[in-house]
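Colleague: when you get a sec, could you give me coordinates for this:
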Amino acid sequence: MDMIRGGVTAAKGFEAAGAETGVKYKDRKDMAVIYSQVPCRQAGVFTSNVVKAAPVLWDKNVIDYSPFVQAVVINSGIANACTGVLGYECCKKTVECAAKELDIPVDSVLVASTGVIGMQIPMEKITAGIEKLAGMKSSELEAGTMAAEAIMTTDTVSKEAAIRFEIDGKTVTVGGMCKGSGMIHPNMCTMLGFITTDIAISKELLQDALSTDVKDTFNMISVDGDTSTNDTLIVLANGMAGNEEIISKDDNYYKFLEALHIIDETLAKKMAGDGEGATALFETKVIHAGSKEDARVLSKSVICSSLTKAAIFGHDANWGRILCALGYSGVKFDPENIELFFEGKSGRMQIYKDGAAVDYSEEEATKILSEPEVRVLVDMKMGEYEACAWGCDLTYDYVKINADYRS
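Modeller: Numbers count the residues shown, from 1 in each chain. Here you go, the predicted model:
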């Protein structure tokens, strides 16, 4: 499998666009469209928050009941959450306008929003934006990048990934984009993510692959412990690669699942590393756990610990905070039997063994913790299961960004 340049337009038959429309921002792109030249099989996962944004409610219905999907319209700046009847009506008008401009059925259009909760979307700017995007859409890789830039809110960089591989002699591509920087603590997915592929696969297996993989990718990141009202992750498969349709969990299905995992993990880590105010990607890997679920719970407990995140920001080898986070995770273990390590590009060092600190260099630990990517490795010595979770450090800027987010 080869990682390649691109995002949502990397796969055959997909087009995209991003543009400035003034929905909320006055000096940046804030609307995007993804379009397939032919109908797609669709799959999706959504926020577990009881308070769900209008686009989430709309998309869940389309994913479950529409025969196919052919386009997604996205706006940033305003979440269209907690907007009542008017919010859902906005979704309806948005897809009706998109269906007309793109000449596709109304029930083949998805809609997504991200931004401030509680604000009503200016519908006249949305419809004008759709008309603009419909005329701009292109299959060029740069068009995908423009779409990725248009869905950003507090993100500091756009987030794309693409991979290419072969199935039965046919070249298959999976590409994607996402946005996410704050209000990230998913139970299904996180913020907004869109993955496109030209593989031919049944709707049931596409959904199965997505639901399976988010457990170890998008569900394993956290920036601030807040699960958004708008979390949406969509996968569209248009079949234009020309492979024989995957209708069973054969070798081709698992090859696709491997590619999807690479894209999901890549995008998830990009979000974790770009957490609001973050200076470092913070990974915790738990190995030799008693069960897969234990490994997930333990690794996520560490990256969610505010005290540990603050220690990473301060480049402080305060391993007691890590041990504490493991201890309150709910997983039962013997603290006298585990081992802790710090890892980075500059090396690896053990910091805890047999119930106490080992003789390590504080200077060397600080050097590792000062890198842009920091890993804590936890050996539970209880079984054969492992899991990774990704987060970021907790900085002064996180508070600054969120103290005046609406202004």
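
Colleague: which helices and strands sit right next to the helix or strand hosting Val111?
Modeller: Following DSSP states H and E, one finds Val111 within strand 109-116. On a contact count with 3 or more CB pairs under 8 Å, 6 or more residues apart in numbering; DSSP states H and E, strand 109-116 meets helix 54-65, strand 69-78, helix 84-102, strand 192-197, strand 232-237. Every residue, glycine included, has its C-beta placed from N, CA and C.

Colleague: just how off-centre is stretch 30-50 within its chain?
Modeller: The chain centroid and the centroid of stretch 30-50 are separated by 13 Å under CA atoms, centre = their mean, to the nearest Å.

Colleague: one step back: what's the angle between whichever helix or strand comes after the strand holding Val111 and strand 109-116?
Modeller: The first helix or strand that comes after strand 109-116 along the chain, using DSSP H and E, is helix 123-136. Per axes from the mean of the first three to the mean of the last three CA atoms, to 10 degrees, the angle that helix 123-136 makes with strand 109-116 is 120 degrees.

Colleague: just the CA trace of helix 123-136, in CSV.
Modeller: These are the backbone C-alpha positions of helix 123-136, laid out as CSV (Å, rounded to 0.1, in the frame of the first residue of the first chain):
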residue,chain,number,x,y,z
MET,A,123,-29.8,30.5,4.5
GLU,A,124,-29.4,33.1,1.7
LYS,A,125,-25.6,32.8,2.1
ILE,A,126,-25.8,29.0,2.1
THR,A,127,-27.7,28.9,-1.2
ALA,A,128,-25.4,31.4,-2.8
GLY,A,129,-22.5,29.4,-1.6
ILE,A,130,-23.9,26.2,-3.1
GLU,A,131,-24.3,27.9,-6.5
LYS,A,132,-20.7,29.1,-6.3
LEU,A,133,-19.3,25.7,-5.3
ALA,A,134,-21.3,23.8,-8.0
GLY,A,135,-19.5,26.0,-10.6
MET,A,136,-16.1,25.5,-9.0
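
Colleague: begin at 792 from here
Modeller: Sure thing, new numbering starts at 792, so read that last one as helix 914-927.

Colleague: where along this structure do the helices fall?
Modeller: Applying DSSP state H to the chain gives helices spanning 845-856, 875-893, 914-927, 932-941, 994-1004, 1042-1064, 1083-1095, 1097-1104, 1110-1118, 1153-1160, 1187-1194.

Colleague: tell me what angle the strand holding Val902 forms with strand 1023-1028.
Modeller: 150 degrees.

Colleague: any residues touching strand 900-907, and which ones?
Modeller: With contact meaning CB atoms under 8 Å, 6 or more residues apart in numbering, strand 900-907 is reached by 815, 833, 844-846, 849-850, 853-854, 860-872, 882, 885-886, 889-890, 893, 912, 942, 944, 970, 982-983, 985, 1021, 1023, 1025, 1196-1197.

Colleague: mark which of the residues you listed are buried, thanks.
Modeller: 815, 833, 844-846, 849-850, 853-854, 860-872, 882, 885-886, 889-890, 893, 912, 942, 944, 970, 982-983, 985, 1021, 1023, 1025 (16 or more other CB atoms under 10 Å).

Colleague: test for you: state the pLDDT assigned to Glu806.
Modeller: pLDDT, Glu806: 98.

Colleague: any low-confidence regions in the stretch 1042-1191 of the chain?
Modeller: Along the stretch 1042-1191 of the chain, segments meeting pLDDT under 70 span 1066-1069.

Colleague: and the top strand by length along the chain, what other elements does it pack with?
Modeller: Determined from DSSP state E, the single longest strand within the chain is strand 822-837. Judged by 3+ CB pairs under 8 Å, 6+ apart, strand 822-837 is in contact with strand 805-810, helix 845-856, strand 860-869, helix 914-927, helix 932-941, strand 983-988, helix 994-1004, strand 1023-1028.

Colleague: quick one on the thing from earlier: Lys1144 is nearest to which of the helices of the chain?
Modeller: Each of the helices of the chain has some distance to Lys1144 by CB to CB; the shortest is helix 1110-1118, at 10.9 Å.

Colleague: Cys873: neighbouring residues, count only.
Modeller: Residues lying near Cys873 (other CB atoms under 10 Å) number 14.

Colleague: for it, which non-adjacent residue is closest in space?
Modeller: Closest residue to Cys873 apart from its sequence neighbours, by CB to CB, 6 or more residues apart in numbering: Gly909 at 5.0 Å.

Colleague: give me the number of residues near that neighbour?
Modeller: For Gly909, using other CB under 10 Å, the count is 12.

Colleague: do the one 4 residues further on as well
Modeller: Here the count is done by other CB under 10 Å, and Pro913 has 17 residues near it.

Colleague: residues contacting the residue minimising distance to the centre of the chain?
Modeller: Most central in the chain under CA atoms, centre = their mean is Ala1059, positioned 4.4 Å from the mean C-alpha point. By CB under 8 Å, 6+ apart, the residues touching Ala1059 are 981, 1008-1009, 1011-1012, 1181.

Colleague: closest one of those residues to Gly960?
Modeller: Thr1008 (28.7 Å).

Colleague: next up, the contacts around the closest one.
Modeller: Contacts of Thr1008 (CB under 8 Å, 6+ apart): 1052, 1055-1056, 1058-1059.
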